[in-house]
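from the sequence below, what's the structure:
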Amino acid sequence: MVFRRGAKKRLVRLIFIILGVFLVYFLLKHFLPQKQENPPQLVVPVTSNKQKLNLPLAIGNLTNDKLRQEIEEALKDTKGTYGIVVKNLKTEENYQLNEHKTFQVGSLYKLWIMATVFNKIQSGVLTGDEELSSSVDVLNGKFNIDPDLAEMTEGTITLTVGSALKQMITISHNYAALLLTEKIRLSNVAAFLKEQDFKESKVGVNGEAPVSTPFDIASFFEKLYKGKLGNAESTGKMLELLKQQTLNNKLPKGLPQGIAIAHKTGELGYFTHDAGIVFSEKGDYIIVILSESDYPPGAEERIGMVSKAVYEYFQKN
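So this is what the prediction gives:
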């Protein structure tokens with residue numbers, strides 16, 4: 001009898017413990033604020049990396065305190081991390097924030113593909129009307145595209161080099177980029193980065209994400225503007241492609257209608273970016289904004305706000 005009464009007491013105690021655990025779980029799940037789920041990932045040619053980075057906000061370097069104040073006001077109360085480079089190509093006035101911080105670049109890697117392809121065209125290795133064709137299955141396998149994230153899983157992609165370039169830049173077509181990358185090879189893109197001294201940029205291999213910094217992306221646009229990435233014909237065509245960008249919900253959102261901007265966007269998970277050259281009557285300028293936050297749509301709004309603040313500053317000064 002003693003054994004039975006003891007066993008019964010232990011059973012009752014166990015039941016109360018289990019009920020208590022479920023009660024605590026219920027309260028935590030339904031009454032504590034929940035962290036937002038990861039936003040959808042976009043295809044990047046060599047990775048499906050979902051790692052979230054935590055980058056501290058740093059103090060910017062500048063040549064004018066007023067420009068700093070305008071940008072800081074636009075970033076006021078933000079919870080994200082931003083890397084910014086602004087440079088007036090006429091006056092050399094500039095501002096930097098986290099300029100050497102490394103970010104996963106998303107589709108900004110397509111800038112490197114574009115420049116490498118134009119170098120191949122310039123040297124006679126490629127022509128704009130050359131036809132490229134590959135099966136989606138082969139491209140997904142070759143570039144380690146996660147099956148759960150692949151935009152396409154079957155069929156064949158066929159485009160000319162010129163059409164692939166246009167779609168890759170103006171609508172950020174991922175499979176146009178993969179076709180071009182397959183043709184020119186990642187090793188040549190890596191060689192381009194090395195030749196141009198973009199030391200803080202990597203194409204990403206073996207499952208690693210392509211990465212860069214605001215400094216390197218700004219350097220790319222400055223070299224492009226000054227004709228250092230190709231001859232005059234190639235430079236003109238690259239700038240014209242970038243001016244035809246249709247994804248205009250970030251940097252251009254803060255600009256008046258009709259202002260020309262040659263730019264490229266990039267998105268991947270927590271990262272959302274925009275970078276380019278604004279052509280203004282008061283002086284052309286480079287603006288690069290890379291961001292990482294738990295809420296990319298909010299970061300996109302901030303990018304537009306910073307763009308507006310920078311434009312208005314340069315129009316007044």
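
okay, now the unreliable bits of the protein?
1-63, 207 (pLDDT under 70).

now the residue sitting nearest the centre point of it: how far from E281?
Taking C-alpha atoms, centre = their mean, the centroid of the chain lies closest to G266, which sits 3.0 Å from it. Here the criterion is C-beta to C-beta, to the nearest Å. By it, G266 lies 28 Å from E281. (Glycine included, C-beta is placed from N, CA and C.)

list the buried ones in stretch 146-165?
A150, I157, L159, V161, G162, S163, A164, L165 (16 or more other C-beta atoms under 10 Å).

if we can go back for a sec, can you tell me which helices and strands the helix or strand that the residue nearest to the centre of the chain is a member of packs against?
Using DSSP states H and E, G266 sits within strand 260-268. Here strand 260-268 touches helix 109-122, helix 232-243, strand 271-279, going by 3 or more C-beta pairs under 8 Å, 6 or more residues apart in numbering; DSSP states H and E.

angle of the shortest one against strand 260-268?
With axes from the mean of the first three to the mean of the last three C-alpha atoms, to 10 degrees as the basis, strand 271-279 and strand 260-268 are set at 170 degrees to each other.

quick one: the next helix-or-strand element following strand 271-279 to strand 271-279, angle?
Note on strand 271-279: by DSSP H and E, the next helix or strand toward the C-terminus is strand 285-292. When the same axes, to 10 degrees is applied, the directions of strand 285-292 and strand 271-279 differ by 170 degrees.

Q244: neighbour count?
By the measure other C-beta atoms under 10 Å, the count of residues near Q244 is 12.

doesn't M168 make contact with it?
No. Counting by C-beta atoms under 8 Å, M168 is not a contact partner of Q244; they are 11.6 Å apart.

so which of the helices and strands packed on strand 260-268 is nearest Y285?
The closest of the helices and strands packed on strand 260-268 to Y285 is strand 271-279. By C-beta to C-beta, the value is 5.5 Å.

and that closest one with helix 109-122, angle?
50 degrees.

helices of the protein, residue ranges please.
Assigned by DSSP state H, the chain shows helices spanning 2-31, 65-74, 109-122, 136-142, 161-170, 174-184, 186-195, 214-225, 232-243, 296-316.

count of residues packed around the closest residue to S291 other than its chain neighbours?
Closest residue to S291 apart from its sequence neighbours, by C-beta to C-beta, 6 or more residues apart in numbering: A299 at 4.2 Å. A299 has 26 neighbours, counted by other C-beta under 10 Å.

tell me the contacts of K237?
By C-beta atoms under 8 Å, 6 or more residues apart in numbering, the contact set of K237 is F118.

and the helices and strands packed on strand 260-268: which comes nearest P214?
Short answer: strand 271-279, nearest of the helices and strands packed on strand 260-268 by C-beta to C-beta, at 7.9 Å.

pull out the buried positions in the closest one.
F271, T272, H273, D274, A275, G276, I277, V278, F279.

next: stretch 215-228.
F215, D216, I217, A218, S219, F220, F221, E222, K223, L224, Y225.

follow-up on the earlier one: save the helices of the chain as TSV, and put in distance to I84 too.
As requested, the helices of the chain are arranged in TSV below (distance: least, C-beta to C-beta, whole Å):
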stretch	distance to I84
helix 2-31	38
helix 65-74	7
helix 109-122	17
helix 136-142	34
helix 161-170	23
helix 174-184	26
helix 186-195	22
helix 214-225	6
helix 232-243	19
helix 296-316	7
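
tell me which of those approaches V205 most closely.
Using C-beta to C-beta, these put helix 186-195 closest to V205, at 6.7 Å.

please name every helix or strand in contact with that closest one.
helix 109-122.

domain map for this protein?
1-34, 61-316 (automatic domain parsing).

which strand residues bridge L268?
F271 (DSSP bridges).

just give me the neighbour total for I171.
Other residues close to I171 by other C-beta under 10 Å number 13.

and the spatially closest residue to it that is not a sequence neighbour, how many neighbours does it have?
Nearest residue to I171, sequence neighbours excluded (C-beta to C-beta, 6+ apart): T246, at 5.6 Å. T246 has 9 neighbours, counted by other C-beta under 10 Å.

what's T246 sitting at in phi/psi?
Main-chain dihedrals, T246, degrees, to the nearest 10: phi -100, psi -10.
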